[in-house]
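J.: Prediction below, plus the sequence it came from.
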Amino acid sequence: MTDPSVRDAMPREAVIVAEKICKEIISGGSRLSILDALDLRIDAGESVAILGRSGSGKTTLLSLLAGLDAPTRGEVFLAGQKLSALDEDGRAGLRAGRVGFVFQSFQLLAGLTALENVMLPAELAGLRDAEVRARDTLDQVGLAARVTHYPHQLSGGEQQRVALARAFAAGPAILFADEPTGNLDVATGASIIEQLFAMNRSRGTTLVLVTHDQQLAARCARTVTLEAGKLIERGGLAAASSP
Amino acid sequence: MSTTSEPEPEPEPASASSGFKVLPVLSTRRAAARHAYATVRRGLRSGDLRVLALALGIAAAVACGVGLFTDRVQSAMDRSAGDALGADAVIRSSTPLPADLRAQLRGIGMRTASTAEFPSVVTKVVTKVAANDVNKTVSSVDSEALANAAASATTDASTPGADSSSDASSGGDADLTQLSSIKAVEDGYPLRGQLLLSDEPFAPAHPASGVPPRGQAWVDAKLWTTFGLGNGAQLQVGSIALTVTAVIFDEPGRGSAFADFAPELLMNGADLDASGLIGPGSRVQYVEQLGASDAQLLAARKLELPRGMRLVTPKDARPELKQSLSRARQFLDIAVLMTLLLAAAAVALSARQYGLRMRDEIALLKSLGARRQFLLQSVLLQLGLLCLLAAGGGVLFGAVAQELLGRMVAPLLGVSLPWPSALPIAISFLVIALMLAGFALPPLFAALDAAPLRVLQRAVSSNSGARGGALAALAAVAALLWLQAGEVRLAVYIAIGATLAAAVLALLAWLLVRLLQPLRRRSGVAWRFGLGNLVRRGPDTVAQTVALGVALLSLLLVTVVREDLLNTWRGRLPADTPNQFLINIQPEQRAPLAAFFAQNGYANVPLLPLVRAHLTAINHKPVSAASFEDPETKRWINREFNLSWTDQFGSDNQIVAGQLFTAADAGKPLLSVEQDAAKRLKLKLGDTLDFDVAGQTYSLTVHDLRSVHWDSFKPNFFMMTPPGVLDAPATAMRAAAPVQWIGSFYLPKDAALEGGTASAASAPASASAPASPSPTAPTLARAPTAAHTVESADAAARGNPGTTASLAADAGAGSDAGEHRRRLLRELTRQFPNVTVFDLDAALGQVRGIVDRVINALELVLLSTLVAGLVVMLAVIEGSRAERVRETGVLRALGASSRIVLQGLLAEYAVLGLLSGSVAAIAAQGIAWVLAVQVFDLPYGPRPLLLIGGALAGCVIVTFSGWLSLRRVLQAAPRTVLAGGN
Ligand SMILES: Nc1ncnc2c1ncn2[C@@H]1O[C@H](COP(=O)(O)OP(=O)(O)OP(=O)(O)O)[C@@H](O)[C@H]1O
Ligand SMILES: [Mg+2]
C-alpha cells in the first residue's frame, strides 16, 4: 500500500528523533535494561508501526518519544525541541494541541463523561470550539449516542474509541497510539484504521502506532520491530533489506 | 464442607474418600488467617490501612488516656473532699455509736475515731500565772472584750441548744464566759487531712502531732482573741480546767463547727467524762469518723444503721467542689466525645475507601474460586488484627500520656494520684471494637458481596448493605455516646448537634454543587476543570464537604472552647475574688465596721442583711420535720432558714420559673426560692410559706425559682424577699425583724498560708449548700458580688502599697502581705469579737486549682481532637488521592501545564474548604452556644469573626493540605504516575 517513492520524492523534516536512547529500570537492586542505545527518526507525515513481543518495551519507547518519561541516557527531539532541555511543564506545553496519545489502557477520567473526556485536549489547547469538535469526533468513532455516558458504563472497545476520539479531537500533528485496535472487532477496527489514515492523508498527521494487528501494521509506511532493546527496521521494501 | 465437622471414627478407610474433603476446610481457616495477615501487612505498608489504623489508634489513646486520668483525678478529688470531711466518711448521730456497730465497722476493716461536739459555756480562769501572762495592751481591751463576749453570748443563746449556763458566768470580773463549740476527740483524729496549729492567731502554722493531750485544750483564733489568751492560760470547761497550748489554724471538717458560728475548743475525749458535760438532755452531736476504702464504704452502706444515724460520704459534702468537678467532667466528656466521633468519621471514611479497593480484590478472588466463607473469615480476621494493633498501640500511648500528665498534675493537686482501675482500658478496647463493628464492618461486608463479574465490568456494583451500614453506624454512635457521655443530656445535645451539622453541611454542599453548574462554562480551563470536578462528583463532593466540615468544625470548636469557654470559666474566679467572709455583724456595728475598713484602706466592704426564720407552714398547713420523708429535709425544717432581701440578683442567679424581683416588687410579701430548695420542700410558684421571725409571722408567696452557681463564691441565699418586707420598720402590730449582716472582702494572700495549707481544705463554705451535712445548711454563702469585688481589690491595693491584688504579685510581696493580713485580722477580731471571719482561701484555691488542672487536661484532649480532625481531613484527601494522581497524569499527558493542573486542584480544594469552613463555623457557633448556655451556664454571644475566620481557615487549610498531598505528583513524569496501567 505504502509507496516508498513518495517518501523519497518529498524531502521532509524529522518530527521525532531519538538518539541513542537507553532506558534502564532499577528495581529491587537489580538493573533492568529495557531500551539499549536505540536510534529512531520519524519524519512529518510518516506512519510508523512499532512491533515487538510483549514486554519488549514498546510502551516505554512510545512514552519516551512523547516526552511522558525521560530516558536514562540519550536524547529525544520532538517537533524540533530537545526534550531534555525542557522541564515537565515545557514538555506538556509542547504536547498541548500538537500531540495526541492513545493509552494502552485508555486512561479515561472516570469522573468525566465521554464527551468531557474528548473535550479535554481541545480545552487545554484553548480551542473555542472544543465541544463541537468533541461531538464530531465522537460521532466519527460511532459513539454519538454515548456522549453523556461515563467510562465505567462503556464496554472495553467503546472506551478505546473514546480514547481515540480524545486523541483525534484537537487535530494533533503527531498521534501516538498504543495498540489502538486491541479491543475492537474486525469491522470496527477497520473503520478506526480508516480514520487514522484519513487524518494522516488530509492533515499530514504523523502516526506512531504500537500494534500486534498485522492489518494495521501493513497499512503503515514503515514498520519497526523492537527486540532486545534495539529497533529492527522492516518497513516497505527498503526497510526489509536494511540490516 | 459441613460433613467435616462430624466426627469420623474410622481413620484409615475413610481417609481415602473423605480426606479430600477434610483438607480444604482445615486449610481454609489457615489460608484465611494467612490472607488476612498478608492483607493487613500490605495495607499498612502501602498506606491503604494507615489512616484507618491511625484513626483507631487515636480513638483508643484518647478513650484510654482520658478514662484513666479522670478515674484517677476523680478518686483523688474524692479523697481531698474526704480531707475536708476529716475522714473517708462519717456517721452522724445524736447518741454515741453503739459498741457493736463500731465493732462491726472495724470488722469490715475500717478505722474509726469518735468525736463529740456540743455547745457549752467556757470560762476563763484568771490564775496568777495567767494574769501574769496577760500583758498591758491586752488587759486594756479586756473590758471591751467582755462586753462583746456578753453580746455574742446573748445572740448565740437564741440558737436552739444553747446549753444551760448553770455553771457559767460566775460574774466576777476575773472570769470571762463565752459560749463555745466544744469538740472532744479521740486518738487518731483526724483520720484524713491535717490539723494545723499555730502559736498565736494568724501566725505561721505547723501540723499537729496528734490530739490535745489530757488536760489540755486547743482553741481557735476567735476564742483566743475573745479571752485575750496567752499560751498556758486556763479555761474552765464544765467541771474541769484545761490548759490552752495551741491555736487551731486549720482543721479538716471545720465545716460542721461553722454551725453556730461559735468559737471552738478542741479537747481530749478522755477528759469528757470528768468534765461532767455529757448527761441526759445535753445536745451532743456524735461524729464517728471512718477510714475506709471504697469497697468497705459500699459494705458499710449496707449496714443497718440505728434510727437517727446517718452515713455521710465525701460525695455528700463540698457542693462547690462537686459543681466544679462535674463541670470539669463535662468539659472532658465533650472533648473526648468529639475526638471519638471524629475518629469514627475517619474510620468510616477510610474503611469505605478500603472497602471499595477490597471490592475489586474480592471480586477477583471470587473469580479465582475463593469461597465466601474464606473471604468472610479473612475480613473478620483483618479487622480483629487491626483492632488489636491499633487499640493496643493507642491504649499504650494513652496510658503513658496520662501517666505523664498525672505526674505534672499531682503536685498541683497536693495529693498523689491513686493507681487507676483497669476499667478504662477495657472500655477503650470496647470503643475500638464498636467503631470497627459500626463503621468498618459494613463497607467490608458490602465488599464481600462484590460479584465476580466486577472483574470484567467495573460498573457492576452492589448497593446492598447501604441501609444496613447506616443502621450499624447509628447503633455504634449511640453506643459510643452511651459509653462515653457521662450525662444523657450531654450525649443528646452532641448527637443532635453532630447530626444537624452534618445535615446542614450536606444541604449546603448540595446547593453549592448546583450553583457551580453555570459557573463552569464561564471560567478558565483550570477553574472549569476544578469546579467541574466538584460538580461531576456531586455526591462525592457532598460527602467530602461533610467530612471536611466535621474536621474543621472540630478545629473551630477547639478554638472556641479554649478561647471562650475555658477563659470565661477561669475568669469566673478572678484573682481578687473575696476570700474573707464576715458574719454575725450586728446592725449597730455596720458603721463602726465601715469605719474600721476605711481606716485600713478598704473603702467599701459591702454588707448584706440576714434574717433567721423558722418555716412553720406551707400553704397554711403547718409543717414539721415529720411532714417530710427525706432525712436531710427533716433537718432543714428543724433548723432556721436564712432569709435576705434584694431586688438585684447577680449573674450567678438564673431564673428557672417566674421572674426575678424588680423595684416595683418592693414591700410585697414575695419569695424567690433556689430550685434545689424548692425541690426539697416540694414548692411551686404561688405557694405560700409562713416564717416565724422572732415570734412574728411572715406569709410569703413563692414568686420565682432560681438556680444558683454555688461555685461562684458569691454570697447567695436559698430564700430572698424584695426589700421592704423583712426590713419593714416596727409598727404597733409587729416589731422589726432582728437582722444581722454579713460581708466579704479580698485580703491579699499570706505567703505562709499559701505554703502551709494549700492542700488542707477548710471549707466552712459548704454550710451554704443543700447537701451539706452542717446543721445550719440553709444559710448564706461566701463572697461579695462582682461589682464589689473590684472595689475591694482596689481598696486592698491602696491599703497596702507593697502588694497588688494579683496572686502572682503576692509571692513577691509575701511577707508584707502576710503581715498586713495578720494585723488586719487580729485587729478585726479584737475590735469586733462577735464577728466571725472565715478564711476561704483554701476552698477558693482548691476550686481554682481544679479549674486550672482540668484546663490543662482539656488542652491535651483538645489537641487530640485536633489531631483526629486532621486525620479525617487526611482520610478525605488521601481517599481521592489515587484518582487525582492519575488525573493529573492524564491531563499532563494531554498537554496541560502543571500550573493549569495545580490551579484546577486548588480551585477545587479552595471551594471545598471555603464551603466546609463556613458551614463548620456556623455549626461551631451553634454548638458553642448550646454548650455555654445549656451546660456550663456561661454567657455566650455570636462571634462574626469566627464565621469569617472559619471560612477562610477552612479554605486555607484544605487547600494547603491538598497541595501538600499532591505537590510531588505535579513534578513527576506522567508515565511514572500512570505506571501500571499504561
Ligand atoms: N515501572 C516499572 N518497573 C519495573 N519494570 C517495568 C516498569 N515499567 C515497565 N517495566 C518493564 O519494562 C518492560 C517493558 O515494558 P513495556 O510496558 O514497555 O512493554 P510492552 O512492550 O509495552 O509490553 P506489552 O506489549 O505487553 O504492552 C517490561 O518487562 C516491564 O515489565
Ligand atoms: Mg505496552
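T.: Arrived safely, thanks for sending. Ligands and ions are numbered 1, 2, ... in the order given.
J.: Next, find the distance separating residue B:403 from residue B:419.
T.: Residue B:403 sits 11 Å away from residue B:419, going by Cβ to Cβ, to the nearest Å. Backbone N, C-alpha and C define where each C-beta goes, glycine included.
J.: So which of those two has more stuff around it?
T.: Summary of the neighbour comparison: residue B:403 and residue B:419, criterion other Cβ atoms under 10 Å in any protein chain shown, with residue B:403 having more neighbours (16 against 10).
J.: Which strand or helix spans the more buried one?
T.: Under DSSP states H and E, the secondary-structure element containing residue B:403 is helix B:372-413.
J.: From the chain's centroid, how far away is that helix?
T.: Taking Cα atoms, centre = their mean, to the nearest Å, one finds helix B:372-413 lying 26 Å from the centre of the chain it belongs to.
J.: Moving C-terminal from it, which element do we reach first?
T.: helix B:423-435.
J.: Could I get the buried residue list for that next one?
T.: The neighbour-count criterion (16 or more other Cβ atoms under 10 Å in any protein chain shown) identifies B:424, B:425, B:427, B:428, B:429, B:431, B:432, B:434, B:435 as the buried residues of helix B:423-435.
J.: how many neighbours does the closest residue to residue B:429 other than its chain neighbours have?
T.: Of all residues not flanking residue B:429 in the chain, residue B:391 sits nearest, at 5.2 Å (Cβ to Cβ, 6 or more residues apart in numbering or on different chains). When neighbours are counted by other Cβ under 10 Å, residue B:391 registers 27.
J.: pLDDT wise, what is residue B:391 at?
T.: Reported pLDDT at residue B:391 in the predicted model: 84.
J.: repeat for the one 4 residues further on
T.: Looking at residue B:395, its pLDDT is 87.
J.: Hmm, it is touching residue B:66, no?
T.: No. Applying Cβ atoms under 8 Å as the test, residue B:395 and residue B:66 come out as separate, 12.0 Å apart.
J.: The two: which has the busier surroundings?
T.: With neighbours defined as other Cβ under 10 Å, residue B:395 and residue B:66 compare such that residue B:66 has more, 28 against 24.
J.: Which other helices and strands does the helix or strand encompassing the more buried one contact?
T.: For residue B:66, the enclosing helix or strand under DSSP H and E is helix B:50-85. In terms of contacts (3 or more Cβ pairs under 8 Å, 6 or more residues apart in numbering or on different chains; DSSP states H and E), helix B:50-85 is packed against helix B:12-46, helix B:319-367, helix B:372-413, helix B:423-435, helix B:841-879.
J.: could you say what helices and strands the next helix-or-strand element following that helix packs with?
T.: Note on helix B:50-85: by DSSP H and E, the next helix or strand toward the C-terminus is strand B:89-93. With contacts taken as 3+ Cβ pairs under 8 Å, 6+ apart, strand B:89-93 sits against strand B:285-291, strand B:310-312.
J.: From the rest of the structure, what touches the next helix-or-strand element following strand B:89-93?
T.: Read in the C-terminal direction, the helix or strand following strand B:89-93 is helix B:99-108, with elements assigned using DSSP H and E. Counting by Cβ atoms under 8 Å, 6 or more residues apart in numbering or on different chains, the neighbours of helix B:99-108 from elsewhere in the structure are B:112, B:288, B:290, B:292, B:296, B:299, B:300, B:303, B:305, B:306.
J.: just the angle between helix B:99-108 and strand B:89-93, please?
T.: Angle, helix B:99-108 to strand B:89-93, by axes from the mean of the first three to the mean of the last three Cα atoms, to 10 degrees: 170 degrees.
J.: Could I have the CA atoms of helix B:99-108 written out in CSV?
T.: Once side chains and other backbone atoms are set aside, the C-alpha atoms of helix B:99-108 remain, and they are given as CSV (Å, rounded to 0.1, in the frame of the first residue of the first chain):
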residue,chain,number,x,y,z
ALA,B,99,-20.3,-0.5,120.6
ASP,B,100,-21.5,-3.4,118.5
LEU,B,101,-21.8,-1.2,115.4
ARG,B,102,-18.4,0.1,115.9
ALA,B,103,-17.1,-3.4,116.2
GLN,B,104,-19.0,-4.3,113.0
LEU,B,105,-17.3,-1.4,111.2
ARG,B,106,-13.9,-2.4,112.5
GLY,B,107,-14.8,-5.9,111.4
ILE,B,108,-15.1,-4.7,107.8
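J.: for the record, mean pLDDT for it?
T.: Per-residue scores along helix B:99-108 average to 86.
J.: What residues sit buried inside that helix?
T.: The neighbour-count check on helix B:99-108 (16+ other Cβ under 10 Å) flags B:101, B:102, B:105, B:108 as buried.
J.: counting contacts, what elements does whichever helix or strand residue B:179 is part of pack onto?
T.: Assessed by DSSP H and E, residue B:179 sits inside strand B:176-185. Packed against strand B:176-185 by the contact rule (3+ Cβ pairs under 8 Å, 6+ apart) you find strand B:111-125, helix B:136-157, helix B:221-227, strand B:264-268.
J.: Can you give the contact residues for the helix or strand just after that strand?
T.: Along the chain past strand B:176-185, the next helix or strand (assigned with DSSP H and E) turns out to be strand B:196-198. Among residues not part of strand B:196-198, those counted as contacts by Cβ under 8 Å, 6+ apart are B:204-208, B:218, B:246-251, B:756-757, B:760.
J.: where's the dip in pLDDT among these?
T.: residue B:760 (28).
J.: Run through the stretch 651-800 of chain B and note the low-pLDDT ranges.
T.: Low-confidence segments of the stretch 651-800 of chain B (pLDDT under 70): B:711-713, B:749-800.
J.: hmm, back to that, may I ask you to confirm that the residue nearest to residue B:429 is in contact with residue B:56?
T.: Yes. Contact status for residue B:391 versus residue B:56: in contact at 6.5 Å, counting by Cβ under 8 Å.
J.: intersection of neighbour lists for these two?
T.: Counting by Cβ under 8 Å, 6+ apart, the shared contacts of residue B:391 and residue B:56 are residue B:432.
J.: Quick check: can you list the domain ranges of chain B?
T.: Under automatic domain parsing, the residue ranges defining each domain of chain B are B:31-85+B:318-485, B:86-317, B:487-574+B:840-982, B:587-797.
J.: nearest to ligand 2, of the ones you listed?
T.: In this view, the domains of chain B are compared for proximity to ligand 2 by Cβ to the ion, and domain B:487-574+B:840-982 is the closest at 6.3 Å.
J.: Now do the closest one, average pLDDT.
T.: Domain B:487-574+B:840-982 shows an average pLDDT of 74 in the prediction.
J.: That one close to ligand 2?
T.: No. Residues of domain B:487-574+B:840-982 contacting ligand 2 under Cβ under 5 Å from the ion: none, with a closest distance of 6.3 Å.
J.: how far is that domain from where the chain is centred?
T.: 29 Å.
J.: Stretch B:699-706 too?
T.: Averaging C-alpha positions (Cα atoms, centre = their mean) puts stretch B:699-706 30 Å from its chain's average.
J.: Could I get the CA-only coordinates of it as CSV?
T.: Written as CSV, here are the backbone C-alpha positions of stretch B:699-706 (Å, rounded to 0.1, in the frame of the first residue of the first chain):
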residue,chain,number,x,y,z
SER,B,699,-46.5,34.9,105.0
LEU,B,700,-44.5,34.9,101.8
THR,B,701,-45.7,33.8,98.3
VAL,B,702,-43.3,31.9,96.0
HIS,B,703,-42.8,34.4,93.2
ASP,B,704,-40.0,32.7,91.3
LEU,B,705,-37.5,29.8,91.2
ARG,B,706,-33.8,30.4,90.7
